[in-house]
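Visitor: Fold the following for me, if possible:
(chains A, B, C and D)
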Protein chains: 2
Amino acid sequence: MSFPPKTDREAILRTALEIVETQGWAALSMRELARKLGLRASSLYHHFPDRNAIEEALGAKAASSLLLALKSSSTGLKGKEKLQALSIAYVEFASHSPALYHLIAAAPSSSDTHPEAKALWNLLLDSVSELTKQTDDTAAVVALWAFLHGYVALEAAGKFGPSGAKGGLDRGLSALLTGLTKKQNIL
Amino acid sequence: MSFPPKTDREAILRTALEIVETQGWAALSMRELARKLGLRASSLYHHFPDRNAIEEALGAKAASSLLLALKSSSTGLKGKEKLQALSIAYVEFASHSPALYHLIAAAPSSSDTHPEAKALWNLLLDSVSELTKQTDDTAAVVALWAFLHGYVALEAAGKFGPSGAKGGLDRGLSALLTGLTKKQNIL
DNA sequence: GTCTATAAAAGGATAGAC
DNA sequence: GTCTATCCTTTTATAGAC
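Guide: Residues are numbered from 1 along each chain as shown, chains lettered A, B, ... in the order given. Predicted coordinates:
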C-alpha cells in the first residue's frame, strides 16, 4: 500500500488561512488543520518543521498582500488623494482579512522580521512627508498609522456597537490630514 | 489537622493581575495562580466558580480603574485642555497597565458587559461634543478614540521601533483636535 | 509522503477526606 | 477552606512501519 501526496505547502497555508479567518487563531491546531486537509497531523511535519513555521509563512503572505494592496491603490496619485486612497485600502484590507491583518499588526515585532514591514513604513513615510512638506516626517506617519490601526482594531472588537462607526473614519481622516499640514501643529 | 484560610478574592485578583502584567495572558492558569499564592489549584474554586470568573472580575476592575483615571485627570478642565488631559491619562493608563488595558480594549464586547464602558464612552462624548460644538458628535469620538487606541496598541506591539514614536502622539493629537473643530471637516 | 502509535506537557475541573 | 487524587481534554511533536 502506497501513500500518494495529499497536500503541499500551498494547500496547507490556504487551509490554515481559512481556519484562522473563520474560527480565529485559537482554532488553528495541527489536528484541525490536518482534519480539514483529510490527513493526519503528523503528516504536516513533512511540509513544515513545526506549527510556528506555518504561522510565519502566513505572516509573510499577509505582509506582502497588504503592501501590494496599498501600492496598487495609490499608484498615480499624489498628496491628500494618495493618502486617502492608502487609508481606505488599509482599512479595507483589515476588514476583509481580519485575522491576517491581526498577524501583521499585533505581532510583537518591528521592521526586523519581514522586509515588507519596512517597505510599508517607507510607503507611508514618503506619502505623508510629501503632504506635510517635511522630510522624513516620522511623527506624522505615527499619527496616521495610529489612527488607522485604532479604527480597524476597535471596529473589529465591536467597540463601536451595532450602530457602527458612523462616519468616524472619514471625519477623523480628513481632520487628521488637514491638521497635519498646518504649521502650528508641526512645532 | 486543620486548613486555615490562605487567600481570598482580593489576594487572588491581585496575584492574577501580577501574573498577567509580567508574563502575559497566556501565563494565567489556575495552577500558576495557585502556585504563586502558595496553595493548590483546586482551592481556587472555593473563591471563584471557574477561570472565566477571575478574568471577568479583573475586567471589571480594569474598566473602573481606567474610568477613574480619566475622570480625575480632567476634572475642572474644559475644551481642548480637557481632551488633552483625557488623552494623556488614557495613554498613560495603557502603558502602565498594558494587560489590563488589553482586557478592556480587545474584549469582543460593546457597552453591554460593563456599565463602565458606557460611562467611558459618555465621558468622551460629552468632552468631544463640547469642543466641536456638535451635539452627540459620535464621529468625532470614534476618530479620537481610534487614534488613542491605535497609538497605544502599536506602541505596545513595538511597531514604532526602538527609536520610539517621537512626538507622534502630541502631533497627532493636536492635529486631530484642530481638524475636528474645523467646519469643512464636519460635513 | 502518509500512516499508526505514542510520548509528553499543560490546563480546567471535580470528589471526597480532613 | 485546603488538601490529595484523579479525570478529561487539548495540543505539539517524534518514531518507525509501509
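
Visitor: Going by secondary structure, the residue most central in space within chain A is in what exactly?
Guide: Centroid-nearest residue in chain A: A:Y101, 3.3 Å away (criterion: Cα atoms, centre = their mean). Using DSSP states H and E, A:Y101 maps to helix A:98-106.

Visitor: now the angle between helix B:98-106 and that helix, please.
Guide: Here helix A:98-106 runs at an angle of 150 degrees relative to helix B:98-106 (axes from the mean of the first three to the mean of the last three Cα atoms, to 10 degrees).

Visitor: Which elements pack onto helix A:98-106?
Guide: helix A:9-23, helix A:51-74, helix A:79-96, helix A:138-156, helix B:138-156 (3 or more Cβ pairs under 8 Å, 6 or more residues apart in numbering or on different chains; DSSP states H and E). The C-beta positions use only the backbone N, C-alpha and C, and glycine is treated the same way.

Visitor: roughly how far is it from the heart of the chain?
Guide: Distance of helix A:98-106 from its chain centroid, counting by Cα atoms, centre = their mean, to the nearest Å, is 5 Å.

Visitor: buried sites along the helix or strand that it is followed by?
Guide: For helix A:98-106, the following helix or strand on the C-terminal side (DSSP H and E) is helix A:115-132. Of the residues in helix A:115-132, those buried by neighbour count under the rule 16 or more other Cβ atoms under 10 Å in any protein chain shown are A:116-117, A:119-121, A:123-125, A:127-132.

Visitor: As CSV, the residues you listed with pLDDT and distance to chain B would be great.
Guide: Listed next are the buried residues of helix A:115-132 as CSV, based on pLDDT from 0 to 100; distance: Cβ to the nearest Cβ, whole Å:
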residue, pLDDT, distance to chain B
A:E116, 85, 13
A:A117, 85, 8
A:A119, 94, 14
A:L120, 93, 10
A:W121, 94, 9
A:L123, 97, 15
A:L124, 97, 12
A:L125, 97, 12
A:S127, 98, 16
A:V128, 98, 11
A:S129, 97, 13
A:E130, 96, 16
A:L131, 96, 12
A:T132, 96, 10
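
Visitor: re earlier: how about the nearest residue to the residue nearest to the centre of chain A, chain neighbours excluded?
Guide: A:A94 (4.0 Å; Cβ to Cβ, 6 or more residues apart in numbering or on different chains).
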